[in-house]
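K.L.:
sequence below, structure please.
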Amino acid sequence: MSADPRSVADAFYSAFARRDGAAMAALYSDNATFSDPAFPGLKGTEVGSMWMMLTSRSKSTRIEYKIVEVKGNVVIVDWQAWYNFSGTGRAVHNIIRGELTCEDGKIVAHRDHFDLHRWMGMAMGLKGKLLGWLPPVQKALQKKARAGLDEYMSGNK
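P.N.:
Predicted coordinates for the structure are as follows:
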């Protein structure tokens with residue numbers, strides 16, 4: 001694989017569009033970090049496992065992406081995902097800005113930014129719209145997401 005950060009990002013999001021979590025995971029370095037509003041502070045194998053878990057849950061996910069900018073080894077990507085949230089079956093259209101830092105053909109740091117309150121409104125309906133902005137509600141979602149990832153990882157060793 002080319003060490004070019006743009007090529008790494010393109011390979012990552014192309015694999016995502018195919019819902020190929022294993023290919024996505026293979027693009028991370030062993031010590032990679034990942035953070036987004038739902039899954040903050042992931043490290044190492046947790047990162048790839050999260051993508052394998054998420055891609056295995058939904059067979060209807062559609063991804064579109066555009067590489068916006070490459071600054072040295074950092075790639076800025078605007079991407080969107082359309083899927084039904086596995087917890088409720090509700091339709092979600094999430095709009096995300098990703099920052100991928102690449103070294104030697106691998107992603108070493110990945111941070112996704114999106115509006116968690118907006119996401120909670122789509123994924124959880126009225127409760128998410130009314131309460132999704134509250135830090136304790138967001139922390140509860142993060143705790144549940146983390147528990148799901150831990151369960152997934154313990155069953156896939």
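K.L.:
show me where pLDDT drops low in this structure?
P.N.:
Along the chain, segments meeting pLDDT under 70 span 1-2, 156-157.
K.L.:
list the buried ones in the longest helix belonging to it?
P.N.:
The longest helix of the chain (DSSP state H) is helix 135-155. By 16 or more other CB atoms under 10 Å, the buried positions in helix 135-155 come out as 137-138, 141-142, 145-146, 148-149, 152. Heads up, the C-betas are built off the backbone N, CA and C, glycines and all.
K.L.:
neighbouring contacts of that helix?
P.N.:
Here helix 135-155 makes contact (CB atoms under 8 Å, 6 or more residues apart in numbering) with 37-40, 42, 45-46, 49-50, 52-53, 116-117, 120, 131-132.
K.L.:
repeat the analysis, applying 7 Å as the threshold.
P.N.:
By CB atoms under 7 Å, 6 or more residues apart in numbering, the residues outside helix 135-155 that reach it are 38-40, 46, 49-50, 53, 116, 120, 131.
K.L.:
kindly report the same for stretch 32-40.
P.N.:
Under CB under 7 Å, 6+ apart, the answer for stretch 32-40 is 41-44, 47, 50, 107-112, 114, 116, 141-142, 145, 149.
K.L.:
inside helices: which ones of the residues you listed?
P.N.:
Secondary structure from DSSP H places 47, 50, 116, 141-142, 145, 149 of the contacts of stretch 32-40 in helices.
K.L.:
distance to residue 74 added to those residues, as a markdown table?
P.N.:
As requested, those are exported to a markdown table (distance: CB to CB, whole Å):
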| residue | distance to residue 74 |
| --- | --- |
| 47 | 17 |
| 50 | 21 |
| 116 | 23 |
| 141 | 28 |
| 142 | 25 |
| 145 | 25 |
| 149 | 25 |
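K.L.:
return the member of those residues nearest to residue 125.
P.N.:
residue 141 (13.8 Å; CB to CB).
K.L.:
tell me how far the longest helix of the chain lies from the chain's centre.
P.N.:
How far helix 135-155 lies from its chain's middle: 14 Å, per CA atoms, centre = their mean, to the nearest Å.
K.L.:
then stretch 116-123?
P.N.:
For stretch 116-123, the distance to the chain centre is 15 Å (CA atoms, centre = their mean).
K.L.:
can you check stretch 20-38 too?
P.N.:
Per CA atoms, centre = their mean, the displacement of stretch 20-38 from the mean C-alpha position of its chain is 8 Å.
K.L.:
and it, how far apart are its ends?
P.N.:
With CA to CA, to the nearest Å as the measure, stretch 20-38 spans 21 Å from end to end.
K.L.:
thanks again, I'm all set now.
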